[in-house]
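> Fold the following for me, if possible:
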Amino acid sequence: MSTEVQHAESARQSGAIQWAGRNWIQLLAWLALIIFWIPTFVNYVVAWDSPDGYYSHGWLIPFMCLWTAWMLKDRVHKLSPKPSAWALGLLAFFLASAALFGIQSSLTMRGLMFPVSIAAFVAALYGWSYVRTFVFPIFYLYFMCPIPDFILLTLSAKIQLWSTTIATYMSKAILINAVQNGNFIQTDYCNIEVGQACSGFRMLVALTAFAVFLVYAVKGDLWRKILFVLISMPLAVLVNSLRVAILVAVGHYWDPNLVHKLHDYSGYLVLLVAFVLMYWLARLLGCREFRLTESS
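From the prediction side, this is the model:
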């Protein structure tokens, strides 16, 4: 029995060596692409790991994309490789743009070139039919890319103000004499600042990423899926406002010193509430049955 296992293992190793020998150019191309993008991934990790950042969900995105690509792998057997020459030109353009942004220290703009360069690379090596098959895991990578500051600061400031306003009304609903002053909520016993990190933008990005992945992974009418994603955006702001209102209530009715201690823990609590609400909403809209395991 052990001899048969050894023969099978030897056959697999021999097959792998033969495959690598036939595809060594492709392997070198993939290696070169990976090396080119290593500095960008270092920048990604810095953004994901920042305690005051908006991209802590970014750690999950590569694994979600790899898992989705793995679930779609059986569809590749039905495709015939047709490398695209003009995709090679697109790849050169995207990589040159990324290099130029890197020289200019525009690391965010350089990072935005990563998903499109992957698409062009796959098309250049295998053809556009492969890109169409893996279009979701390729372009879903944008959810791990930091947003340019000029867009980020504008959106974050608006959502920060919305969260403060809604949290003020929620506080009044539980009989707290709350007054909004910019991004501050003042009561008779405490003064709560809704900072940029608590603006709700982080939750908005995370929940939108989750919503997009969910509607791709399940069956359902297109209009239901679009509605689900659209609802997830204001839901993120409402849930974050609930978090702020809870902190206001704690500071007002109990102890203002508890607000800082509960700040981080409350974020995890309302995020769990948001996921439960989104799961319930998906079922309400009829998006229930998982479809990624099906071949097509």
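
> State the mean pLDDT of stretch 155-168.
Averaging pLDDT along stretch 155-168 gives 89.

> residues in contact with that stretch?
54, 147, 178-180, 182-185, 194-196, 198-201, 204, 237-238, 240-242, 244-245, 248 (Cβ atoms under 8 Å, 6 or more residues apart in numbering). Heads up, the C-betas are built off the backbone N, CA and C, glycines and all.

> Next: stretch 113-121.
For stretch 113-121, contacts defined as Cβ under 8 Å, 6+ apart pick out 29, 33, 37, 40, 87-88, 90-91, 94-95, 97-98, 101, 131, 135, 138-139, 141-142, 145.

> just the buried members of the contacts of stretch 155-168?
Buried members of the contacts of stretch 155-168, counted by 16 or more other Cβ atoms under 10 Å: 54, 147, 178, 180, 183, 185, 194, 196, 198-201, 204, 237-238, 240-242, 244-245, 248.

> These in strands, which ones?
Among the buried ones among the contacts of stretch 155-168, the members falling in strands (DSSP state E) are Gln180, Ile185.

> Could you tell me which of the buried ones among the contacts of stretch 155-168 belong to helices?
The helices, defined by DSSP state H, take in Phe201, Leu204, Val237, Leu238, Asn240, Ser241, Leu242, Val244, Ala245, Val248 from the buried ones among the contacts of stretch 155-168.

> just checking, the first one touches Ile147?
No. When contacts are counted by Cβ atoms under 8 Å, Phe201 is not listed as touching Ile147 (9.2 Å).

> returning to what we had before: so can I have JSON lines of the ones in helices among the buried ones among the contacts of stretch 155-168 showing pLDDT and distance to Gln160?
Below are those laid out as JSON lines (pLDDT from 0 to 100; distance: Cβ to Cβ, whole Å):
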{"residue": "Phe201", "pLDDT": "81", "distance to Gln160": "7"}
{"residue": "Leu204", "pLDDT": "85", "distance to Gln160": "11"}
{"residue": "Val237", "pLDDT": "88", "distance to Gln160": "10"}
{"residue": "Leu238", "pLDDT": "90", "distance to Gln160": "14"}
{"residue": "Asn240", "pLDDT": "87", "distance to Gln160": "10"}
{"residue": "Ser241", "pLDDT": "89", "distance to Gln160": "11"}
{"residue": "Leu242", "pLDDT": "89", "distance to Gln160": "15"}
{"residue": "Val244", "pLDDT": "89", "distance to Gln160": "10"}
{"residue": "Ala245", "pLDDT": "90", "distance to Gln160": "15"}
{"residue": "Val248", "pLDDT": "90", "distance to Gln160": "15"}
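
> which one among the residues you listed gets closest to Cys65?
Checking these against Cys65 with Cβ to Cβ, the nearest one is Leu204 at 20.6 Å.

> Who are the contact partners of that closest one?
Neighbour list for Leu204: Ile159, Met233, Ala236, Val237, Asn240 [criterion: Cβ under 8 Å, 6+ apart].
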